[in-house]
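[1] this one's structure only:
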């Protein structure tokens, strides 16, 4: 597949493909590019309904100009250690952000969450997020408030009394549980409509099917989340001899 960045002509073809209702994979094949490239391009420039080739091209040029002229980050900003390729890390962050946006997270919330996920410490201060993402403190504050309301991040004070935002091993479990409970609430509300609309009506039958489906999905997710949490996060019990039991002894 060809390397290099998308050209303005490539972006015009993407816009035409979206207008024709083509899937990202089909557009990608027409340009001989990875599907992930097209997905990332569209999602970072307004999504499939708002994508405009000329605006996307100018936005990309502005981002490239900022990266070229941005001074080195301060000491408080996350740095790339462990021999990591900074450009590869940046591309990965964009890919992860795009994926989270496809799952329904707004762009800034997705960027902040990705930044926390990829930080070795699993926590950053507001100023570190501002420096790393090159956004305003207000944008970070709004994103954190939203993520906290969804149970995806939490706050704590460090030894310098600075507020830090954290993600940990339990965050995806908590988010999954919240999602399952939301699905259960859909089931409950749908079932309320059965009595209101009349049990023998087509609308009531439809709502009852929705309720049954959501009940099954919610219960399955809750059960699976609990099982996986026990497997991943439960430490092996020590045997009477003081050593942990091996999995073959269980």
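    Received it, and whenever you're ready, just let me know what you need. Note that the structure is a prediction, hence the values are computed from the model and not measured. Residues are numbered from 1 along each chain as shown.
[2] Need the per-residue pLDDT for residue 13.
    Per-residue confidence (pLDDT) for residue 13: 92.
[3] Check residue 67 too.
    Predicted confidence (pLDDT) for residue 67: 57.
[4] and the nearest residue to residue 118 once chain neighbours are set aside, how many neighbours?
    Of all residues beyond its chain neighbours, the one nearest residue 118 is residue 93 (6.1 Å), with distances taken as Cβ to Cβ, 6 or more residues apart in numbering. Backbone N, C-alpha and C define where each C-beta goes, glycine included. Residue 93 sits with 17 neighbouring residues when counted by other Cβ atoms under 10 Å.
[5] and the helix ranked longest in the chain, what does it pack onto?
    Taking DSSP state H as the criterion, the chain has its longest helix at helix 202-233. In terms of contacts (3 or more Cβ pairs under 8 Å, 6 or more residues apart in numbering; DSSP states H and E), helix 202-233 is packed against helix 171-197.
[6] ok, and for the helix it packs on, which residues are buried?
    171-173, 176-177, 179-180, 183-184, 186-187, 190-191, 193-194 (16 or more other Cβ atoms under 10 Å).
[7] Which one of the residues you listed is nearest to residue 106?
    Each of the buried residues of helix 171-197 was scored against residue 106 by Cβ to Cβ, and residue 179 proved nearest at 16.8 Å.
[8] Report the beta-bridge partner residues of residue 154.
    Counting by DSSP bridges, residue 154 is bridged to residue 166.
[9] Looks like it contacts residue 147 (just checking).
    No. Contact between residue 154 and residue 147 fails when scored by Cβ atoms under 8 Å: they sit 9.4 Å apart.
[10] okay, and the common contacts of these two?
    Both residue 154 and residue 147 are contacted by residue 165, under the criterion Cβ atoms under 8 Å, 6 or more residues apart in numbering.
[11] if you count what's nearby, which of those two comes out ahead?
    Using other Cβ under 10 Å, the more surrounded residue of residue 154 and residue 147 is residue 147, with 23 against 16.
[12] so what's the more buried one closest to, chain neighbours aside?
    residue 153 (4.4 Å).
[13] which ones are touching that neighbour?
    Residue 153 neighbours (Cβ under 8 Å, 6+ apart): 113, 116, 144, 147, 165-167, 171.
[14] So which of those residues wins on neighbours?
    Going by other Cβ under 10 Å, residue 165 tops the contacts of residue 153 with 26 neighbours.
[15] OK, contacts around it?
    Taking Cβ under 8 Å, 6+ apart, one finds 112, 116, 123-126, 129, 144, 147, 153-155 in contact with residue 165.
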